[in-house]
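Engineer: give me coordinates for this.
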Amino acid sequence: MMRSKVAVELHLLLSRLSLKQAVRMSLLSGEWRRLAICPPDLVFTEETLFGSNTTMITDPESMAAEFLESMNIEFITRVDSVLRASWSTSTMTTASTVNKFVVKYGLGTYHRHHIDRWINFSTESMAKHIGLDLIGLSVYEDDKYVVPLCKLSGPNGSCVKSLHMANVWLKLPPSFSGITNLKKLSLHMVSIDADDLQCLLLSCALLESLRLEDCPLSSFSICQELCLLQHLSVRECPVGTIQLRAPNLTTFQFDDCPAQIVLIESSKLLEATFVFKNIRYNWCEDALDYVLAELPAALPYVHKYWVC
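Structural biologist: Below you'll find the model as predicted:
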């Protein structure tokens, strides 16, 4: 009874702590570790672990390698100190459940052992919202961390409702069976083959929202129907064509990269946002002609056009 009361009180205390304070508590409190207490929202960033006075590592190549690696080690140590209380490294299981699990920091393929372990924790703890942004990585694909999507596939990722990936590489394994309950997917600066992207989207039957930004895709064409997709944003992607069948699509955001837009059976599309960014166009002439002449033909059902 006393143990249960202490656990409740520690949970209440935990909800009022910042993650940086939680790290300190995990190091100091033996009771914390014995009760396997874990914060409900785990957002590991440079600011949450080191404080707002530190400088975000956006360009690792400009920093001394020795100092950078010491920062990486300290970041990994602090993340592990929070997870260690409720994570069994021998059985790879946890009794804790979390709502959100996010890592945003400049790690890479060299640190894949640690990142793999954190992804295991996120799925074992039944996190609903998972984010992985390895900000500051090299633009070379060989340096990008390859996300083990098998860890999020089928029963493993059955609790995942939203997924945000940035500065990583996605490759679908042969055994990939979809992220069963995924409703929201966001990919930023993610390297992924066009065929793999199509398989990923078609295997997520409940997907309602999709955001692609600055992904090196030459085309975005989905042959089969995305039945439940309602919100679509394709920005800064060098795609020549956007083509998909989404009967429940209601909002669509895009820029002037695609030369052709084909949205089949999208009669529920009410709102489209066109982000004008290409400086080779004359705003007063070319952009206006595009909005007045080409967009209505490509998106005949839209009620509202927004031009930014």
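Engineer: okay, now the unreliable bits of the stretch 1-150 of the chain?
Structural biologist: Where the stretch 1-150 of the chain drops to pLDDT under 70, the residues are 1-38, 52-64, 85-95, 136-142.
Engineer: can you show me the CA trace of stretch 173-190 as CSV?
Structural biologist: In CSV, the C-alpha atoms belonging to stretch 173-190 read as follows (Å, rounded to 0.1, in the frame of the first residue of the first chain):
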residue,chain,number,x,y,z
PRO,A,173,12.4,-4.6,-45.4
PRO,A,174,10.8,-7.6,-47.2
SER,A,175,8.9,-8.4,-44.0
PHE,A,176,7.3,-5.0,-43.7
SER,A,177,3.5,-5.3,-43.1
GLY,A,178,2.5,-1.7,-42.5
ILE,A,179,2.0,0.5,-39.5
THR,A,180,-1.4,-0.7,-38.6
ASN,A,181,-3.0,2.3,-36.9
LEU,A,182,-0.9,5.1,-38.3
LYS,A,183,-3.0,8.2,-39.0
LYS,A,184,-0.4,11.0,-39.5
LEU,A,185,2.9,10.7,-41.3
SER,A,186,5.4,13.5,-41.8
LEU,A,187,8.7,13.1,-43.7
HIS,A,188,11.3,15.9,-43.8
MET,A,189,14.6,15.6,-45.7
VAL,A,190,14.0,11.8,-45.8
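Engineer: quick check: buried residues in that stretch?
Structural biologist: 176, 178-180, 182-190 (16 or more other CB atoms under 10 Å). Using the backbone N, CA and C atoms, a C-beta is placed for each residue, glycine as well.
Engineer: what comes into contact with that stretch?
Structural biologist: 133, 148-150, 152-155, 157-170, 199-201, 203-215 (CB atoms under 8 Å, 6 or more residues apart in numbering).
Engineer: which among those residues end up buried?
Structural biologist: Among these, those scoring as buried are 133, 148-149, 152-153, 157, 159-170, 200-201, 203-204, 207-213, 215 (criterion: 16+ other CB under 10 Å).
Engineer: now do the helices in this structure.
Structural biologist: Remark: helices assigned in the chain by DSSP state H are 2-14, 19-28, 30-34, 46-50, 65-83, 112-124, 194-202, 288-289, 295-298.
Engineer: so what does the last one touch, helix or strand wise?
Structural biologist: Packed against helix 295-298 by the contact rule (3 or more CB pairs under 8 Å, 6 or more residues apart in numbering; DSSP states H and E) you find strand 260-264.
Engineer: tell me which other helices or strands the strand it packs on touches.
Structural biologist: Secondary elements touching strand 260-264 (3+ CB pairs under 8 Å, 6+ apart): strand 241-245, helix 295-298.
Engineer: by mean pLDDT, show me the worst of these.
Structural biologist: In terms of mean pLDDT, the lowest-scoring of the helices and strands packed on strand 260-264 is helix 295-298 (a mean of 74).
Engineer: that helix: which residues count as buried?
Structural biologist: Along helix 295-298, these residues count as buried under the neighbour rule (16+ other CB under 10 Å): Leu295.
Engineer: what of stretch 224-234?
Structural biologist: Going by 16+ other CB under 10 Å, stretch 224-234 has these buried residues: Leu226, Leu228, Leu229, Gln230, His231, Leu232, Ser233, Val234.
Engineer: quick one: which two of those residues are the most distant?
Structural biologist: Using CB to CB, the two most remote members of those are Leu228 and Val234, lying 17.9 Å apart.
Engineer: okay, now Glu294: neighbour count?
Structural biologist: Neighbourhood size, Glu294 [other CB atoms under 10 Å]: 12.
Engineer: so how far is Trp306 from it?
Structural biologist: 16 Å (CB to CB, to the nearest Å).
Engineer: what's the closest of the buried residues of stretch 224-234 to Gly106?
Structural biologist: Distance to Gly106, by CB to CB, is smallest for Ser233 among the buried residues of stretch 224-234, at 25.1 Å.
Engineer: I'd guessed that closest one sits against Glu213; true?
Structural biologist: Yes. At 7.3 Å, Ser233 counts as touching Glu213 under the criterion of CB atoms under 8 Å.
Engineer: what is the burial count for Ser70?
Structural biologist: 11.
Engineer: tell me the contacts of Phe109?
Structural biologist: Slight slip there: residue 109 is Thr, not Phe. Thr109 is in contact with Asp142, Asp143, Lys144, Tyr145, Val146, counting by CB under 8 Å, 6+ apart.
Engineer: show me which of those residues are buried.
Structural biologist: The neighbour-count test (16+ other CB under 10 Å) marks Lys144, Tyr145 as buried among the contacts of Thr109.
Engineer: among the contacts of Thr109, which one lies nearest to Arg84?
Structural biologist: Closest approach to Arg84 among the contacts of Thr109 (CB to CB): Tyr145, at 22.0 Å.
Engineer: isn't that closest one up against Gly106?
Structural biologist: No. Applying CB under 8 Å as the test, Tyr145 and Gly106 come out as separate, 10.8 Å apart.
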